[in-house]
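> Mind looking at a prediction? Sequence and model below.
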Amino acid sequence: MMLLVYEWKHISRQPAVWILFFFFFVIGGYAIYSGNVLTRKKLAAIEEAKKESVKDYHTALKAFADTGSVDKKQQADNAGNPYVIDYRYPRIAYDRPYPLTGLAAGIKDITPVTEKVNYYIDYAVIDREMINPSILFEGRLDLVYVNLYLIPLLIIVLVYNTISSEKEKGISNLLIVQGGSLKRILFGKLLTRLIMVFWASLILNALGMVLSPSGFPSAKDAFLWFFLLFSYCVLWISIGFVIISLDRNSVFSLFSCMGSWIFLLLLLPLIINKTAQWQHPSDLKLLDLEEKDRHISDEVWAMKPKMVVGSFYRNFPGYASAYRPADTLDNQNDAFFAGYYDIKQNRMKRVIDSLWDGDKKANQTAYRLIRYNPVQSTEHLFTLLARTSRSDYSDYKQDVSDFQRRWQTYFYDRVFSIKNGKRTLSKFSPEELKKLPVFTIKHHEVRTAEFIYGMLFLWLVSIVCWAGGLLMIRKFKQ
């Protein structure tokens, strides 16, 4: 205990340490501000989309009662037509930021926050799929970047000359008399610095959670976040311990620590990214999706009505009872339109899937490789907790796809409704507009197995470093 008190007094008297922590909090504060700006923009975009949806609702509702002219009367008669409602009052899906999004933007700084959902999917308007910054180690300045980059630098500056400087100044003998052995003094110094850095990081990250515009995370996620933060601090203390255990001078220790920082945070991520991209190059940029969409549209429209209609009833057997011979006579009926959009979107999906295949495989390769880099693995775990990882975005897109199919079924139930044994297009009433399906955001739980595996790897690296340091410290010169 006396050694810890001595270390605290010794460190607190160094102006350079206070300056270092001052810059740490300044940069961390800006990172919190930057993350909150992103979160507020997303929340504002969601609110704006909801307001636009309300306007669409009132526009659709107004059309039922607007009968001031012959044309208006005809429009009022069709105001409840499912096709008209799908156009005038489309469904809205939105990706509401999780409370930790501002701390770890991940892929969410380049993904759309809202999107319209119609009874068919227009793949021509889909942007090029983003490559996850969590995997490629690219993105905006957020608190996770401060954690990943600055915490190691803090530890390196505080640790690299922990023993060598005492030896060089001739103070080590005095410390040995008061504290026991040089090894015990080393452990005390490392523990003091670990506590200092972790508490500074804890305060900064807790402040980020409290100031989050999207609310406070669950107690479980907050605990896992802080435990991951502590584990990352332990990792870099362990790396510093190995280097110090070599019992070399301060210059060697500093350059070795900085070399480890450069390798783990810059070189290794670059190697992983280039390896993944070299093995699986992307081809999506080589094709104009709108031009391909027009080409497929012309092809499907030129198909025989019997083939198009037959395809629809095969893919949607629940509406087989709505079939009528007139469906195959021309391309101006509901069954043909439904079949046309179904064939078109399926063909476009195959085209896009094939183009995205390189990106997907590159990301899968990168994801497999980052598990062997403790820094990138830690960042990935942070983005999992913040619900901003690539897998979280995929979950959101799957939720949107499920909702689209739900709305499509709701739509077709109206278009192909059966009354008195005959197919009838069932229109919506003004009251029914209030009961249309509504998208609900779901923040999926963190995949426990994936998180535990990442944490075990982080601690395994730390334990290996400590074990290596303990082996080398046996030859430590007093």
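Perfect, I can see it now.
> Figure out how far stretch 434-445 is from the centre of its chain.
Offset of stretch 434-445 from its chain centre (CA atoms, centre = their mean, to the nearest Å): 19 Å.
> Give the buried residues for stretch 81-95.
Neighbour-count burial for stretch 81-95, counted by 16 or more other CB atoms under 10 Å, picks out 81-82, 84-86, 88-95. Just so you know, the C-beta spots here come from the backbone N, C-alpha and C atoms, and that holds for glycine as well.
> contacting residues for the spatially most central residue of the chain?
Centroid-nearest residue in the chain, with CA atoms, centre = their mean: residue 388, separated by 2.0 Å. By CB atoms under 8 Å, 6 or more residues apart in numbering, residue 388 lies in contact with 98, 100-101, 104-108, 134.
> so how far is residue 354 from the residue lying closest to residue 296 once chain neighbours are set aside?
With sequence-adjacent residues excluded and distances taken as CB to CB, 6 or more residues apart in numbering, residue 296 is closest to residue 347, at 5.0 Å. As judged by CB to CB, to the nearest Å, residue 347 and residue 354 stand 11 Å apart.
> same check, this time on residue 39
Separation of residue 39 from residue 354 (CB to CB): 35 Å.
> Compare those two and say which is more crowded by neighbours.
Taking neighbours as other CB atoms under 10 Å, residue 39 and residue 354 compare with residue 39 leading, 24 against 12.
> mind checking which helix or strand that one is in?
Here residue 39 sits within helix 15-65, counting by DSSP states H and E.
> Confidence-wise, which helix or strand of the chain is lowest on average?
Every helix and strand of the chain was ranked by mean pLDDT, DSSP states H and E. The lowest is helix 133-136, at a mean of 37.
> The helix or strand that it is followed by: how far from the chain's middle?
Downstream of helix 133-136, the first helix or strand assigned by DSSP H and E is helix 143-159. From the chain centre to the centre of helix 143-159 is a distance of 23 Å (CA atoms, centre = their mean).
> Show me what helix 143-159 is packed against.
helix 15-65, helix 182-210, helix 219-244, helix 250-262, helix 374-386 (3 or more CB pairs under 8 Å, 6 or more residues apart in numbering; DSSP states H and E).
> I'd like those laid out as CSV, including mean pLDDT.
Listed next are the helices and strands packed on helix 143-159 as CSV, based on pLDDT from 0 to 100:
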stretch, mean pLDDT
helix 15-65, 92
helix 182-210, 90
helix 219-244, 95
helix 250-262, 92
helix 374-386, 94
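> what's the closest of the ones you listed to residue 330?
helix 15-65 (28.4 Å; CB to CB).
> CA atoms only: put stretch 327-336 into PDB for me.
Below are the C-alpha coordinates for stretch 327-336, written out as PDB (Å, rounded to 0.1, in the frame of the first residue of the first chain):
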ATOM      1  CA  ASP A 327     -55.300 -13.000 -66.300                       C
ATOM      2  CA  THR A 328     -53.300 -14.600 -69.200                       C
ATOM      3  CA  LEU A 329     -54.900 -12.600 -72.100                       C
ATOM      4  CA  ASP A 330     -52.900  -9.400 -71.700                       C
ATOM      5  CA  ASN A 331     -50.500  -7.500 -69.500                       C
ATOM      6  CA  GLN A 332     -53.100  -5.100 -68.100                       C
ATOM      7  CA  ASN A 333     -54.300  -6.900 -65.000                       C
ATOM      8  CA  ASP A 334     -53.300  -7.300 -61.400                       C
ATOM      9  CA  ALA A 335     -52.000 -10.900 -61.700                       C
ATOM     10  CA  PHE A 336     -49.600  -9.800 -64.500                       C
END
